[in-house]
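1. Provide a 3D model corresponding to the input given below.
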Amino acid sequence: MISSRRFDTRAVRQSIVTGTIIALALVAAGVTYVLTQQRTWTAESMAVVLPAATLDDATSASYYETLSRGQIVATFAEVAGGLGFEQQAEDRLGLTPQQRANVTTEVTVVPDTAVILIRATADDASVAQRMAAATMDLSVQYLAGLSKPYRVVSVPAGDDSATPNGTSLPVLLAAIAAVALVAGLAVQQAVYHLSIAIRGVPRSQSTRAAADDELVARRVVEVP
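-> Modelled structure (predicted):
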């Protein structure tokens, strides 16, 4: 007769193999999914609306007060976002049809400031960066003829300023590994207990010993 210890060892081995296979399958599927997803990048360009440099201090203070109300800056941002500067920037940069299809730009005002923000998103960091800069350049050039007695000054962006969107790759891979580990352990435990239940063997010698002790106790109580 095969001992219960041998049965337990076989059940453990089978459950570990099954759990490992499930964990590795989940890791492979997760890594494949992450690597095949299209990654996007976002770059930003900023410009500040200021009173004209030719104004005296008293007049400048008055115009700063007007700027603080936000209406002038909001109007400039609306103009920058609504006159087809995105398409003009694409033409200037000579983007391909595929690159144009994956590019978007957004013009907003940084809350409670006189800063206009242009955010460009693309599937390539360089394209996003160049689109943000080109769109801002075209907008500033156009606003220069409309903004008197104000001026719109571009804020230079640093090199490689585009940032990836979504969760970073190391974090995603770590999450996949954690999920695979938990799932593998869960499957291992389920397979082990199912195997033990099917074979009808006690899970440990301690369980059988406890049952024997309970039987002896009952017999002692039954003795007159």
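
2. Kindly export stretch 30-41 (C-alpha atoms) in PDB.
-> Taking C-alpha atoms only, stretch 30-41 is exported to PDB below (Å, rounded to 0.1, in the frame of the first residue of the first chain):
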ATOM      1  CA  GLY A  30       1.000  40.200 -19.700                       C
ATOM      2  CA  VAL A  31       4.400  41.000 -21.200                       C
ATOM      3  CA  THR A  32       3.100  40.400 -24.700                       C
ATOM      4  CA  TYR A  33       0.200  42.700 -24.100                       C
ATOM      5  CA  VAL A  34       2.300  45.500 -22.700                       C
ATOM      6  CA  LEU A  35       4.900  45.300 -25.400                       C
ATOM      7  CA  THR A  36       2.300  45.300 -28.200                       C
ATOM      8  CA  GLN A  37       0.500  48.400 -26.900                       C
ATOM      9  CA  GLN A  38       1.100  51.600 -28.700                       C
ATOM     10  CA  ARG A  39       2.800  54.100 -26.400                       C
ATOM     11  CA  THR A  40       2.100  57.800 -26.600                       C
ATOM     12  CA  TRP A  41       4.200  60.800 -25.500                       C
END
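
3. Quick check: mean pLDDT of the longest helix seen in the chain?
-> Ranked by number of residues, the top helix in the chain under DSSP state H is helix 4-36. In this model, helix 4-36 has a mean pLDDT of 78.

4. Ok, stretch 117-132 next?
-> 92.

5. What strands flank the lengthiest strand in the chain, and is each parallel or antiparallel?
-> With secondary structure taken from DSSP state E, the chain has its longest strand at strand 41-51. With DSSP bridges as the test, strand 41-51 is paired with strand 115-122 (antiparallel), strand 150-155 (antiparallel), strand 163-164 (antiparallel).

6. Reformat those into CSV and put distance to Q14 and mean neighbour count next to each item.
-> Any C-beta I mention is one placed from the backbone N, CA and C, and that applies to glycine too. Output for the strands paired with strand 41-51, formatted as CSV (distance: least, Cβ to Cβ, whole Å; neighbours: other Cβ atoms under 10 Å):
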stretch, distance to Q14, mean neighbour count
strand 115-122, 50, 22
strand 150-155, 64, 17
strand 163-164, 43, 12
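
7. Let's have the ones you listed in CSV, adding distance to A177.
-> As requested, the strands paired with strand 41-51 are exported to CSV (distance: least, Cβ to Cβ, whole Å):
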stretch, distance to A177
strand 115-122, 29
strand 150-155, 41
strand 163-164, 20
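
8. quick one: low-confidence parts of this protein?
-> In the prediction, the chain carries residues with pLDDT under 70 at positions 1-8, 37, 147, 158-159, 167, 199-224.

9. No further questions, thank you.
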